[in-house]
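A.B. asks: would you be able to build a 3D model of this:
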Amino acid sequence: MKHVAVDETAAPVLSPEVLKAAARAARLRYVTDQSKGIRRERTADGFEYYGPDGRKITDEDEIGSIRKLAIPPAYQDVWICPHANGHLQATGRDARGRKQYRYHPRWRAVRDEAKYSRMLVFGKVLPRIRAQVEKDLERRGLPREKVLAAIVRLLESTLIRVGNEEYVKQNKSFGLTTMRTRHVKVEGGSRIRFDFRGKSGTEHHIDLRNRKLASVVRRCQDLPGQELFQYLDENNEPHTIDSDDVNDYLQAISGEPITAKDFRTWAATNLAALALQQFEAFDSEAKAKKNLVQAVESVSKMLGNTPAICRKCYIHPAIFDGYLDGRLLDALKQRTEEKLADPGEGLKAEEAAVVAFLARQLESPEKPAIRVGKR
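C.D. replies: Take a look at the predicted model:
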């Protein structure tokens, strides 16, 4: 049974009640590394392990289970869960001092399912978010709501990460809320150019044309300080904005626990569906899977992730299953035609089609066999 390693440096903080409920859903025990656990001590031959009672662990089966967690030898401050059914199996700090986690496989499965189910909620409230963002961008001056609206619009249109000060300190990598004035140029009345180092050291060069956003960015650049996105309070004093401010704004205008990262998951899922629509009909399972690989590579370039991370953490798995069995493209074509006939408001035709497909998948999650001959 493979345990999953996660760096949660910038992960959103969830309440203990939410975490406990998720653990129960996975039939696991909710634990924290603040409780007594197994500690690891280095020896000349490797490591020894000591239980919560301080006694050395000698049982070979228990030692074998600990080794299967594959905790890197370089980790410091290692804590190991004494319960095989603990949702959190181990924690430790890597060479950069970042806290790393090892989770039980069932925990990750439940959390991933919940994360992807959020896409339906996100699709439902996205029109509301877009409408309020547009309204706030019309505000006079440079109030907090206007700058937050500009950041949210940029989140959606550029897919730049929201940013976290920890990554600035540790890796000198930036996101929207940690962007410095030097990272952006406004040319003419509408062109915005972003040049910055993002997560994992990736260099980003992004061009965008939007007159409203260019105006906000230019006014932010005129404020004192290195940080780009700042707002002016009622006393005309500048204040910086962080990722928590953005998430609070999103939750206030949507009425749902939406976060900035949801924009990237939403975009990845929709972009993958659109990419798969462009391929010719596949006549073999091998060709179908090759198309999936190419689609993921295409999306990963837009998100600035590796293909592996993009597929594992961002694209809804139902997109892949639906493509292989033929239901995805059939559903997208039908729903897009319906949407074009009756546009409604708030979502693009392809977005509405993806939401409708995911909703049907949630109601009927079984996976039919691969249908050769489908686009």
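
A.B. asks: flag the shaky bits of the stretch 1-150 of the chain, pLDDT-wise.
C.D. replies: 1-15, 18, 112, 115-116 (pLDDT under 70).

A.B. asks: tell me where it has strands.
C.D. replies: 4-7, 38-43, 46-50, 76-80, 88-93, 99-103 (DSSP state E, counting those that start in this stretch).

A.B. asks: what residues sit buried inside the last one?
C.D. replies: Within strand 99-103, the residues that qualify as buried are 100-103, counting by 16 or more other CB atoms under 10 Å. Where C-beta positions appear, they are placed from N, C-alpha and C, glycine not excepted.

A.B. asks: distance to Gly255 for those - can I get that in JSON lines?
C.D. replies: Formatted as JSON lines, the buried residues of strand 99-103 follow (distance: CB to CB, whole Å):
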{"residue": "Gln100", "distance to Gly255": "34"}
{"residue": "Tyr101", "distance to Gly255": "30"}
{"residue": "Arg102", "distance to Gly255": "35"}
{"residue": "Tyr103", "distance to Gly255": "30"}
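
A.B. asks: max pairwise distance over those residues: which two?
C.D. replies: Gln100 and Tyr103 (10.7 Å; CB to CB).

A.B. asks: now Ile71: how far from Gly46?
C.D. replies: Distance of Ile71 to Gly46, computed by CB to CB, to the nearest Å: 12 Å.

A.B. asks: ok, those two, which is more surrounded?
C.D. replies: More crowded of Ile71 and Gly46, by other CB atoms under 10 Å: Ile71, with 22 against 9.

A.B. asks: I'd say that one and Arg40 touch.
C.D. replies: Yes: between Ile71 and Arg40 a contact is recorded at 7.3 Å, counting by CB atoms under 8 Å.

A.B. asks: which neighbours do the two share?
C.D. replies: 78, 80 (CB atoms under 8 Å, 6 or more residues apart in numbering).

A.B. asks: whatever helix or strand Arg193 lives in pairs with which strands, and in what direction?
C.D. replies: Arg193 belongs to strand 191-197 when elements are defined using DSSP states H and E. Strand pairing for strand 191-197, determined by DSSP bridges: strand 184-187 (antiparallel), strand 203-209 (antiparallel).

A.B. asks: between those, which one is nearest to Gln170?
C.D. replies: Closest to Gln170 of those is strand 203-209 (CB to CB; 17.7 Å).

A.B. asks: what mean pLDDT would you report for that closest one?
C.D. replies: The average pLDDT for strand 203-209 rounds to 94.

A.B. asks: in the protein, which residue is most central in space?
C.D. replies: Lys261 (4.2 Å; CA atoms, centre = their mean).

A.B. asks: looking at it, Gly255 is touching Val125, isn't it?
C.D. replies: Yes: Gly255 is in contact with Val125 according to CB under 8 Å; the separation is 6.8 Å.

A.B. asks: so between those two, which is more surrounded?
C.D. replies: Val125 (18 against 9).

A.B. asks: quick one, what contacts the more buried one?
C.D. replies: Val125 neighbours (CB under 8 Å, 6+ apart): 254-256, 258.

A.B. asks: change it to 6 Å
C.D. replies: 254, 256 (CB atoms under 6 Å, 6 or more residues apart in numbering).

A.B. asks: show me where the stretch 101-250 of the chain has helices.
C.D. replies: For the stretch 101-250 of the chain, the helices defined by DSSP state H, counting those that start in this stretch occupy 105-137, 144-158, 165-171, 211-221, 243-254.

A.B. asks: in JSON lines: these, plus distance to Leu228.
C.D. replies: Converted to JSON lines, the helices of the stretch 101-250 of the chain look like this (distance: least, CB to CB, whole Å):
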{"stretch": "helix 105-137", "distance to Leu228": "17"}
{"stretch": "helix 144-158", "distance to Leu228": "10"}
{"stretch": "helix 165-171", "distance to Leu228": "13"}
{"stretch": "helix 211-221", "distance to Leu228": "6"}
{"stretch": "helix 243-254", "distance to Leu228": "14"}
